[in-house]
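Q: sharing a sequence plus its predicted fold:
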Amino acid sequence: MKNYKLIIKKKSVKNISIRITSFDEVVLTLPFFVSKSKGLEFLSQKESWIQKHLKNFPKSYELKEGAEFLYLGEKYTIKFHHDRDKKVFFQDGFLYVYHDRSQQVLDLFLKKQARDIFVKLIQKWEKVLDKSIKRVSIKKMKTRWGSCNTQKAYINLNLNLIHKSIDVIDYVILHEMAHLTHPNHSKEFHGYVAKFMADWKDREKLLKSNF
């Protein structure tokens with residue numbers, strides 16, 4: 001049995017395409033003239049590629065008592081509490097979340113923490129690289145950990161990076177900001193990243209590892 005939900009679509013396109021939309025969902029798009037059986041045959045040939053790319057997506061967390069939660073690369077167990085003043089806090093390996101509207105409470109906490117942490121790292125690299133970022137956008141993204149508009153100097157970062165360690169977040173930010181100097185993934189680009197972060201390959205492997 002496959003470890004993902006398969007969605008098959010028929011469209012007015014010329015070629016078969018496969019799109020990974022989340023850690024457990026794959027979309028197979030077929031031209032009208034291609035049968036479902038042919039599409040599934042094509043899918044089976046790409047299974048290793050699919051499994052590899054599924055690992056690039058963080059798993060969704062369950063907001064329930066006793067569920068595991070990753071924050072900055074560390075594992076915590078979720079517990080609900082009733083102290084209106086504290087809302088969200090960490091203690092002795094537990095992540096305590098105020099019980100009322102807990103999802104909203106936790107989401108607001110994660111967004112604030114992500115912005116504070118990401119912006120500080122961006123400011124650090126602005127000084128090192130002598131580059132300036134004009135706008136920072138932090139949101140959940142299905143297909144990327146980050147992106148950079150090199151013409152406008154805008155940087156977009158995936159909110160789910162908050163589950164990764166600081167070292168990994170730092171690498172993603174350097175990677176995106178390096179595009180201000182090298183807008184592609186050329187040999188020069190990777191050499192530029194290595195100049196400032198010798199272990200970038202190790203950090204990239206951690207980024208791609210599943211939770």
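A: That came through fine. Numbers count the residues shown, from 1 in each chain.
Q: next helix or strand past the host helix or strand of Lys10?
A: In this structure, Lys10 sits in strand 5-11 according to DSSP states H and E. Per DSSP H and E, the first helix or strand lying C-terminal to strand 5-11 is strand 17-22.
Q: ok, residues contacting that following strand?
A: 26-29, 42-43, 46, 49-50, 53-54, 56-57, 60, 142-143 (Cβ atoms under 8 Å, 6 or more residues apart in numbering). From N, CA and C alone the C-beta is placed, and that goes for glycine too.
Q: for it, the averaged confidence score.
A: For strand 17-22, mean pLDDT rounds to 82.
Q: ok, Phe90 touching Tyr71?
A: Yes. Using Cβ atoms under 8 Å, Phe90 is in contact with Tyr71, at 7.4 Å.
Q: check what pLDDT the residue nearest the centre of the chain gets.
A: Nearest to the geometric centre of the chain sits Trp145, at 4.0 Å (Cα atoms, centre = their mean). On pLDDT, Trp145 comes in at 92.
Q: please, where are all the helices along this structure?
A: 36-45, 47-54, 102-129, 166-178, 187-196, 200-208 (DSSP state H).
Q: and Ser137, which of those helices is closest to it?
A: When the helices of the chain are compared by Cβ to Cβ, helix 102-129 sits nearest Ser137, at 10.1 Å.
Q: Glu181 reaches Asp130, doesn't it?
A: Not quite, residue 181 is Thr, not Glu. No. Counting by Cβ under 8 Å, Thr181 stays clear of Asp130, with 9.7 Å between them.
Q: between the two, who's got more neighbours?
A: Neighbour count, other Cβ atoms under 10 Å: between Thr181 and Asp130, Thr181 has more, with 14 against 9.
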